[in-house]
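Novice: I would like the atomic coordinates for the input below:
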Amino acid sequence: MRIRILGIGMGPQHVTAEVAQALRGCDYVLAVEKRPGDELAGVRGAVCAAYAVPLVTVPDPARDRSAGLTHAEYSSAVVDWHDARAAAYRQVLEQRDGTVGFLVWGDPALYDSTIRVVERLDVDFDVLPGISAPQVLAARHRIVLHEIGRPVHVTTARLLREAVAAGQDNIVVMLGGAPDLAELAEWSIWWGANLGTTSEELVAGRVHEVTPEIEAARERAKANAGWVMDVYLLRRAAG
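Specialist: Numbering: from 1, shown residues only. Down below sits the predicted model:
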């Protein structure tokens, strides 16, 4: 048995030649389905159909998403969730031989748990990179993610306030819902949702000026696709 962890960006249009070749060599793709009719599982299905690879799904185990979890409680909840996913995958793998693919949104190395989950299975695996959401964000807005000779800090919406308090002033934010940026009203933002898909939305400007526009764009993306994934760059205003 062999596992291939494959970055697919945001769907068929982002599959690299390297990943396409690997997909053609897979006997099936294994994925979680968050609910019946899961739209994101549908996108994975479209990728599989493009390369004539069967898609096998398992229900995604529940995760503790209680409001107000401490960092330690959140980390513990994620570890439990990963363990449960590994157990669900193991049941399928024990019944099927061959090479199995795991299709990862964006790139497997950036805010994705597939590698951590697969490591629990004690099966040989390799990883092929994909196009990440920050890359697509920068391309769509025709910007560089950092200023000349300066760093870019990549974090989650959950840890944004911590990053700002630590003095970070050029921040890519992932894994967030509707951003609450009232405290950063004078910062600049380059925001995107559902990047690389037919429901893509883009907004850029000063936070206090474009917040209503972002809110409306999020609603359009969700209405069009049934789901919404945000990513954005925040940069402190000069001066």
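Novice: Next, count neighbours for residue 96.
Specialist: Neighbours of residue 96 under the rule other Cβ atoms under 10 Å: 13. Using the backbone N, CA and C atoms, a C-beta is placed for each residue, glycine as well.
Novice: quick one: contacts for it?
Specialist: 27, 28, 56 (Cβ atoms under 8 Å, 6 or more residues apart in numbering).
Novice: mind running it again at 7 Å?
Specialist: Taking Cβ atoms under 7 Å, 6 or more residues apart in numbering as the contact definition, residue 96 lies against residue 28.
Novice: Next one: it, what pLDDT does it get?
Specialist: With respect to pLDDT, residue 96 scores 92.
Novice: and it, what element?
Specialist: In the assignment (DSSP states H and E), residue 96 maps to no helix and no strand.
Novice: go on, residue 90?
Specialist: helix 71-93.
Novice: Using CSV, write down the CA coordinates of the helix or strand hosting residue 212.
Specialist: Under the criterion of DSSP H and E, residue 212 resides in helix 207-225. What follows is helix 207-225, C-alpha atoms only, in CSV (Å, rounded to 0.1, in the frame of the first residue of the first chain):
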residue,chain,number,x,y,z
VAL,A,207,-10.1,48.4,6.1
HIS,A,208,-12.5,51.1,7.3
GLU,A,209,-13.5,51.9,3.7
VAL,A,210,-14.0,48.4,2.3
THR,A,211,-15.4,46.4,5.3
PRO,A,212,-19.0,46.6,4.0
GLU,A,213,-17.9,45.6,0.6
ILE,A,214,-16.1,42.5,2.0
GLU,A,215,-19.2,41.5,3.9
ALA,A,216,-21.3,41.7,0.8
ALA,A,217,-18.7,39.8,-1.3
ARG,A,218,-18.6,37.0,1.3
GLU,A,219,-22.4,36.6,1.1
ARG,A,220,-22.2,36.5,-2.7
ALA,A,221,-19.5,33.8,-2.6
LYS,A,222,-21.4,31.7,-0.1
ALA,A,223,-24.6,32.0,-2.1
ASN,A,224,-22.9,31.1,-5.3
ALA,A,225,-20.8,28.2,-4.0
